[in-house]
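K.L.:
Next comes the sequence, and after it the predicted model I'd like to discuss.
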Amino acid sequence: MTDSERYYWDLNGHLVVRNLLTARELKAANDAIDYVEDRCANGRDEESDFLRESAQPRFMGETLTRTRNNIPFLLMLRPPHCDPFRRMISHPRTLSLLRFMCGRGFRLDHGPQFIGGLPGIANHHLHGAGDPHKPYVAYHHQNGEPYVGGVTVSYALHDAWEGEGGFACVPGSHKSNYPMPSGVQDYSEDMGVVEKPNVRAGDVIFFMDGAQTHGARAWQARHQRRAILIKFASRTSTRQGASLWHIHPDSYWDSNIVDEMTPEQRAVMYGPASAPRTESCLLDVDNAGNVSVAGSS
Ligand SMILES: O=C(O)CCC(=O)C(=O)O
């Protein structure tokens, strides 16, 4: 990372790197998304069924507009279709920046996710910046080193230029101390604080996901939006993703440890996740000292 990139990243909470993908890498990724779109829409084989189930694709007409982000289905495609995305998670330029942004250790937390756009795709409201408080994705400095728990790397596969929509953010919001006004959240009265970084196909946006306020502007261009979002976390941060499956006590611990446990004991044996989407790991203790799994009494 150059001194200028470091300054920009620290000040704003995001960074655009131009031309990170070569023309060949870009074409391979676009071809692979065409393949996924076609398989999801028309495929009658096992891989197509797997894709429909794991990607939960959303379409507008015949165009793929979004996939969910907690199953890494793009990494699981048959070669060569998985190759561009496997390259993205370990791209040397990306990794050299993550090394600085997240500290020495980092890992794929969830994604890759496809986000597309067509005219008619609405604003994605602004979110993040510590509301609700999530210390595991916050930005801070210690011993002269910067550290952010969650970085999303968004590879542009098509242009998203001035007035066309796509990723938007509030630069500097990763250091803000006060709640976001509602007009900023829904763009209705954004006070001029919202920026939409312009990107060409092959450029990449890094942003402090969770720490920086971000979202997306409604898509306005005639051409389709195409972006691949990959959600990294610092080695010791947990966001969501695969953890949704692996946090369960039976997966996280050896069976001889958890087999005979009561529901209350099992509740504290869940692995870490920011979005466990289960009540079974939440406990209540009443005034008489009775412990119960939340919602069970
Ligand atoms: O569409 C985008 O680029 C914004 C994505 C976003 O808000 C998110 O990943 O949380």
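P.N.:
That came in fine, so what should we check first?
K.L.:
Tally up the residues packed near the closest residue to Leu11 other than its chain neighbours, please.
P.N.:
Nearest non-adjacent residue to Leu11, counting by C-beta to C-beta, 6 or more residues apart in numbering: Gly172, 6.7 Å away. In short, each C-beta sits where N, CA and C put it, glycine included. Residues lying near Gly172 (other C-beta atoms under 10 Å) number 15.
K.L.:
contacting residues for Gly172?
P.N.:
The contact partners of Gly172, by C-beta atoms under 8 Å, 6 or more residues apart in numbering, come to 11-13.
K.L.:
how close does it get to the ligand?
P.N.:
Applying C-beta to the nearest ligand atom, to the nearest Å, the value for Gly172 to the ligand is 17 Å.
K.L.:
Can you pull out the low-pLDDT segments for the stretch 51-200 of the chain?
P.N.:
Where the stretch 51-200 of the chain drops to pLDDT under 70, the residues are 130-132.
K.L.:
what about the helices in it?
P.N.:
Here the stretch 51-200 of the chain has its helices, by DSSP state H, counting those that start in this stretch, at 83-89, 92-101, 182-185.
K.L.:
SS state for the residue nearest to the spatial centre of the chain?
P.N.:
By C-alpha atoms, centre = their mean, the mean C-alpha position of the chain lies nearest to Lys231, the distance being 3.9 Å. Judged by DSSP: H, G, I helix; E, B strand; the rest coil, the three-state class of Lys231 is strand.
K.L.:
I'd say it and Leu108 touch.
P.N.:
Yes: counting by C-beta atoms under 8 Å, Leu108 is a contact partner of Lys231 at 7.4 Å.
K.L.:
gap between the longest strand along the chain and the chain center?
P.N.:
As assigned by DSSP state E, the longest strand anywhere in the chain is strand 106-117. Distance, stretch centre to chain centre, for strand 106-117: 5 Å (C-alpha atoms, centre = their mean, to the nearest Å).
K.L.:
and the stretch 51-200 of the chain, which residues reach the ligand?
P.N.:
Listed as neighbours of the ligand in the stretch 51-200 of the chain under the rule C-beta under 6 Å from any ligand atom: 115, 124, 152, 154, 167.
K.L.:
Would you reformat these as a markdown table and include neighbour count and distance to Arg99?
P.N.:
A markdown table is the format used below for these (neighbours: other C-beta atoms under 10 Å; distance: C-beta to C-beta, whole Å):
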| residue | neighbour count | distance to Arg99 |
| --- | --- | --- |
| Ile115 | 22 | 25 |
| His124 | 18 | 29 |
| Thr152 | 25 | 16 |
| Ser154 | 27 | 18 |
| Phe167 | 26 | 23 |
